[in-house]
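[1] Got a predicted model here, sequence first, then my questions.
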Amino acid sequence: MKNALAHALDALGLAIAAGRHPPGATLPPEPTLGATLGVSRTVVREAVKSLVAKGMLVTGPKLGTRVLPADHWNWFDPELVAWQGAAGLTRDFLRDLQELRRIVEPAAVRLAAQRADAQDLAGLEAAYAGMREAVECGGDYVSHDLRFHQGLLRASHNRMLVQMSKALGALLRTSFEISTARAQGAVHSLPLHRAVLDAVAAHRPAEAERAIIELIDGAAEDIEHVLATRGDLPSLALPPKPLAARTAAPRNPPPLSRRTPPWRS
C-alpha cells in the first residue's frame, strides 16, 4: 500500500500543482480517481488526507473535495516544492523564494557570527570543502551548498531558525539548482561562500551579513539570467546534476570592500 499511496500522492499533487485541477475545482469521486490512478479507494482517501494536510485540498459535507488556491499551500513542504518544480517554476515562485532568503538568511548569519561554536564551524568548513572539490574536480555541488546554508541557520542557535533550516531545504535546493545551471555560476559563488564563512569564523556579524547579501543577490542575478536565456530548469525529482571538472575558483578571496562581484564586472 505504501508504494501505491506514494504513486497516488505524487500523481494528484503534481496534477494540482500543474493546474490540471485548478483552484476551486472539485476532484472526481473516489471510485473515478481510483480507476484513473490504478489504486483502491482506500489509497485515494489517504492521498487526499495528505493533500489536505499540505493545504492543497479541503473536504467537507456537501462540499466534496476541492482544490484550494496556492496561497493556502504549505510552501515549506518538500514534496509540494518538488511537484511545483516538476510542473514548472514560475517567476512569482522564484521571486518569493529570493525575497524569503533575503529576509531570513542575513539575520540568521548575523546570529551565527555571534554564536557559532567549533562544531558549527567544522560543519561549515566540511560543506565548503565539498563545494570546492566539486568545482575543481567535478561532482555534486548543490548538496554541499545546501548543507552550507542549512549549517549557517543551525549556527544561529535559534530554535525556530534551526527548524526553518529543515523546512527551507527544498526551497533552497531549488535556488541552488537554478543558479548553478548558469555557466561558471558555481565558480563565481565559491569565493563568496568563503567570505561568509571567514566572517562567521572571525565573529564579525556586520561583515558576515554583507557577505551573505552579496551571495544571495548574485544567485538572484544568476536565476534571472537562466530565465532570460530560457535555460533548462532543474527537476527536483532527480538527484542534483553534478558539475563537470573545471578550473578552480580563487581559494582566498579579497575582502568584500575590495572585490567586485564576478557577475557585475
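    Nice, I can see it.
[2] pretty sure residue 104 is touching residue 163, no?
    No: using CB atoms under 8 Å, residue 104 makes no contact with residue 163, being 12.0 Å away. C-beta: built from backbone N, CA, C; applies to glycine.
[3] between those two, which one's more packed in?
    In terms of neighbours (other CB atoms under 10 Å), residue 104 is the more surrounded of residue 104 and residue 163; the figures are 16 against 12.
[4] pLDDT value on that one, please?
    Looking at residue 104, its pLDDT is 94.
[5] what sits against it?
    Shown in contact with residue 104 (CB atoms under 8 Å, 6 or more residues apart in numbering): 153, 161, 164, 168.
[6] Next, format those residues as TSV and append secondary structure, neighbour count and distance to residue 74.
    As requested, these are exported to TSV (DSSP: H, G, I helix; E, B strand; the rest coil; neighbours: other CB atoms under 10 Å; distance: CB to CB, whole Å):
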residue	secondary structure	neighbour count	distance to residue 74
153	helix	24	19
161	helix	20	18
164	helix	19	13
168	coil	25	13
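[7] from those, which single one is nearest residue 179?
    Set against residue 179, the nearest of these by CB to CB is residue 168 (15.3 Å).
[8] Next, count neighbours for the residue nearest to that closest one when sequence neighbours are not counted.
    Excluding its sequence neighbours, the residue lying closest to residue 168 (CB to CB, 6 or more residues apart in numbering) is residue 76, at 6.9 Å. Neighbours of residue 76 under the rule other CB under 10 Å: 17.
[9] on that earlier part again, reformat the contacts of residue 104 as JSON lines; add pLDDT and distance to residue 46.
    Formatted as JSON lines, those follow (pLDDT from 0 to 100; distance: CB to CB, whole Å):
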{"residue": "153", "pLDDT": "96", "distance to residue 46": "32"}
{"residue": "161", "pLDDT": "92", "distance to residue 46": "33"}
{"residue": "164", "pLDDT": "85", "distance to residue 46": "28"}
{"residue": "168", "pLDDT": "83", "distance to residue 46": "27"}
